[in-house]
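Enquirer: dropping a prediction and its sequence here:
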Amino acid sequence: MAQPGSGGRAVTVSDVQQLVRRKDEIEAQIKAYYEVLEDQKGVGMNEPLVDVEGFPRADIDLYQVRTARHNIICLQNDHKALMKEVEEALHQLHAREKEKQAKDEAEALAEARSQEQGQPRPFARVNEVTPGSPASLSGLQVDDEIVEFGSVNAHNFQNLQNIATVVQHSEGRPLSVTVIRGGKKVHVGLTPKRWAGKGLLGCNIIPMQR
């Protein structure tokens, strides 16, 4: 019998089931031939087929006994080879399932990382915005979570001085600010400038708790 999976085809559950059915058929045939031997005075596989004087036994059907014994030997050899095929097929099937599981886990991890990259990590939060200030006019809102403030992001942010430095160097020039608001990314054009209140922004920013 050709082994499932030969020729480059992957072993399937159906292949294994087919092998098991063939094994059951062989075992049934072996049992049937043993029953033939049992009916012939229970000669079995090793009882002599000649009498004490060396003549062929007349109390049994010699042809049936010889045929049954020959077929049992052939079928037992087939059964042994088939069991090796079953074992190999199960091994391949389990190995592929393990490989598929590892691949699924890798894909899930890659997807999670992709989503993580698609939604940058916030490093600071706006907890106060003064009405009429540059921050208020730009659309910045309380509880906006900042993921990008000019050149500052979660990867290079160390403390609030980083933001203060960017603000001082950007007076009168629009800054690209990206925030997470309600689970969505929002881009804000913020221009630090002098106004009636304190500072150049008119808002208060605090670091996110890590």
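Expert: It's in.
Enquirer: mind checking the SS state of residue 53?
Expert: coil (DSSP: H, G, I helix; E, B strand; the rest coil).
Enquirer: can we start the residue count at 309 from this point?
Expert: Taking 309 as the first residue, the last one we looked at is residue 361.
Enquirer: lowest average confidence, helix or strand, in this protein?
Expert: Ranking every helix and strand in the chain by mean pLDDT, DSSP states H and E puts helix 370-426 at the bottom, with a mean of 87.
Enquirer: tell me the strands beside the next helix or strand after that helix, with direction?
Expert: Using DSSP states H and E, the helix or strand that follows helix 370-426 in sequence is strand 432-437. Strand 432-437 sits in its sheet next to strand 453-457 (antiparallel), strand 511-515 (antiparallel), going by DSSP bridges.
Enquirer: surely residue 448 touches residue 511?
Expert: Yes - under the criterion of Cβ atoms under 8 Å, residue 448 makes contact with residue 511 at 5.9 Å. All C-beta atoms are positioned from the backbone trio N, CA, C, and that covers glycine.
Enquirer: what residues does residue 460 make contact with?
Expert: 431, 470-471, 474 (Cβ atoms under 8 Å, 6 or more residues apart in numbering).
Enquirer: residue 440: which of those is nearest?
Expert: residue 471 (21.1 Å; Cβ to Cβ).
Enquirer: next, count neighbours for the spatially closest residue to that closest one that is not a sequence neighbour.
Expert: Leaving aside its sequence neighbours, residue 471 sits nearest to residue 457 (Cβ to Cβ, 6 or more residues apart in numbering; 5.4 Å). Close neighbours of residue 457, defined as other Cβ atoms under 10 Å, add up to 23.
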